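K.L.:
for reference, the sequence and a predicted model appear below.
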Amino acid sequence: MGERLGGERPEVWLRHIERTVSPIFILSPFPFSLFTPSSLSRSNEIWGFRKLRFSWVGHMLLATLAFGLLGGQPGGQGLPGGRGARPRGRARAGKPSGRGGSPLISSLRLASSSAEVARLVEELNPRTGKDFTVCISAYGRVRDWRSATGLLDQMRQSGSVPNVISFSAAISACGKSGQWERALELLDEMRRSGVEPNVISFSAAISACEKGGQWERALELLQEMRQCGIEPDVISYSAAISACEKGGQWERALELLEEMRQCGIEPDVIIYSAAISACEKGGQWERALELLEEMGRCGVEPNVYSFSAAIQACAAAGQPAPALQLFNRLEASQVDASMCCFNAILDALCAQPDRARELWKLGCARGCYHSFERWGSSGLRLQLDLHELSEGAAETAVRWWLEEGVHDRVNATPGAVPERLELITGWGKSRGVTDTGDVRARIETVLREMGATMLPTDNLGILVIEMWPRAMDAYTWPMVICDRKLALV
């Protein structure tokens, strides 16, 4: 008895079952590994049950458990002797059913351009509310808010009434595109259509205000949620705190953080990072460090953005020692430093050129700074692109480039002596649009300190340097420093 199950030996069934349900074993918190022969054998040795054997009963228990999780029956698809499982759900004509929907739906979720989304939407020809919502979300991901909101009208024309999910997807699409006013109009349109906004709708609208720099309106929406009997969730608070952070309202951000706890909502790493960044913008570097320590006490592991914001808070307050301590703590952790972390620490240590240069070279070796140095299209221009660098990082990069980088690059490519050098400046993506940092002005100061002579020019976006003998020994050439907003000469 028990030597064969359904025409197959138990061992054969077990192999097929383990192969079929392995994803479930991995994702479930239940320790399924305790039921495998090898683990039972190990358990026998550990627990002292040396005489216990893994019999056919163990195989049957595992088979029963697997079938229960899969919702299948013996003889189903993927099992020995099976005839194929009965498909679940109703398939649309000409399109496969099953988990994940049709291939077109899957492609829409992966589309990366508006043109690609438009092509897939036309091919799909949405008719159900679910299909329209997927298409609206796809347009939102590629920042095409006009097409996303246009699908709401198309829904009505096709006889499908937009619901709370469709409206929420359209609001989110507007938010991602920076159209916060249109997002709020859609929120009002929902009510006029008899569709009551839910927590997702409000959160999407708050996020739209956050991206549009409308922190006051974001807080009004948070209050409006409560008046409607809708309790804000972690996403709602996260968007509101981020709105305060971008608006420089560090006190409001911390008030919301405390309010979350009183409501029984535990802040996550994203919320803590936004609060730390708010303290940085408000010049509250000590409070930023307190929040970083609080994360550890609450069991929330800081990520690269948490560290970066805290280091930047120290840098903005002129506190290089705490900034370096944080950077060393980051290096000792499991978190990989990114360009934003190196930008922050170089802002803090730019007054210490030797230490800053070491960190700059470390960032380059790690690949945090890449494609910043290149030959121009003519092959006679050597360029240093600073537009993703903070002020401190840009200063460190220019000093290194003129004293070491250019010389090493030219020596590595004999015969390719550039006619001129170009430094591409700008505001830098590492700085927000509301910040007052000016990389270009900082570099002008650095060049004057290094003794470079800037020649007069009619183009206010160009600084021409007469020569730089230290960079190339016997070679001299004009240096052109170009503002990214102006054409290169």
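P.N.:
Looks like it arrived, so ask away.

K.L.:
so residue 384: helix, strand or coil?
P.N.:
strand (DSSP: H, G, I helix; E, B strand; the rest coil).

K.L.:
bridging residues for it?
P.N.:
Residue 384 forms beta bridges with residue 373, residue 423, as assigned by DSSP bridges.

K.L.:
what's near enough to touch it?
P.N.:
Contacts here follow C-beta atoms under 8 Å, 6 or more residues apart in numbering; on that basis residue 384 touches 372-373, 397-398, 401, 405, 421-424. Using the backbone N, CA and C atoms, a C-beta is placed for each residue, glycine as well.

K.L.:
any low-confidence regions in the chain?
P.N.:
Within the chain, the ranges that satisfy pLDDT under 70 run 1-101, 376-380, 414-416, 426-437, 454-489.

K.L.:
can you map out the strands along it?
P.N.:
373-375, 381-385, 420-425, 454-455, 462-465, 479-483 (DSSP state E).

K.L.:
list the helices and strands the first one packs on?
P.N.:
The helices and strands touching strand 373-375, judged by 3 or more C-beta pairs under 8 Å, 6 or more residues apart in numbering; DSSP states H and E, are strand 381-385.

K.L.:
quick one: the nearest residue to residue 127 once chain neighbours are set aside and residue 297, what's the gap?
P.N.:
Distances taken as C-beta to C-beta, 6 or more residues apart in numbering put residue 158 closest to residue 127, at 6.1 Å, once the chain neighbours are dropped. Residue 158 sits at a distance of 54 Å from residue 297 (criterion: C-beta to C-beta, to the nearest Å).

K.L.:
ok, residue 396 next?
P.N.:
For residue 396, the distance to residue 297 - C-beta to C-beta - is 35 Å.

K.L.:
re the thing from before, looking at residue 158 and residue 297, which is more packed in?
P.N.:
The neighbour count for residue 158 versus residue 297, taken as other C-beta atoms under 10 Å, is higher for residue 158 (16 against 7).

K.L.:
could you measure from that one over to residue 126?
P.N.:
Separation of residue 158 from residue 126 (C-beta to C-beta) stands at 8 Å.

K.L.:
same thing with residue 156?
P.N.:
13 Å.

K.L.:
so residue 417 makes contact with residue 410?
P.N.:
Yes - under the criterion of C-beta atoms under 8 Å, residue 417 is in contact with residue 410, at a separation of 5.9 Å.

K.L.:
of the two, which one has the most company?
P.N.:
Neighbour count, other C-beta under 10 Å: between residue 417 and residue 410, residue 410 has more, with 18 against 12.

K.L.:
any idea how far residue 275 is from that one?
P.N.:
Separation of residue 410 from residue 275 (C-beta to C-beta) stands at 47 Å.

K.L.:
what's the answer for residue 334, then?
P.N.:
22 Å.

K.L.:
and those two? which has more neighbours close in?
P.N.:
residue 275 (27 against 6).

K.L.:
quick one: that one and residue 242 touch, right?
P.N.:
No - counting by C-beta under 8 Å, residue 275 does not reach residue 242; the two are 9.3 Å apart.

K.L.:
now do the buried residues in stretch 265-283.
P.N.:
Neighbour-count burial for stretch 265-283 flags 265, 267-268, 270-282 (criterion: 16 or more other C-beta atoms under 10 Å).

K.L.:
go on, stretch 407-415?
P.N.:
Quick answer for stretch 407-415 (16+ other C-beta under 10 Å): 407, 409-410.

K.L.:
name the nearest residue to residue 105, sequence neighbours excluded.
P.N.:
Nearest one to residue 105, counting by C-beta to C-beta, 6+ apart, is residue 134 at 5.7 Å.

K.L.:
same question for residue 352.
P.N.:
residue 320 is the one closest to residue 352 (C-beta to C-beta, 6+ apart), at 6.9 Å.

K.L.:
ok, that neighbour to residue 221 distance?
P.N.:
For residue 320, the distance to residue 221 - C-beta to C-beta - is 40 Å.

K.L.:
in terms of neighbours, single out the busier of these two.
P.N.:
Comparing residue 320 with residue 221 by other C-beta under 10 Å, the one with more neighbours is residue 221, at 25 against 19.

K.L.:
with adjacent residues omitted, what lies nearest to the more buried one?
P.N.:
residue 206 (5.0 Å).

K.L.:
next: residue 198.
P.N.:
residue 164 (5.5 Å).
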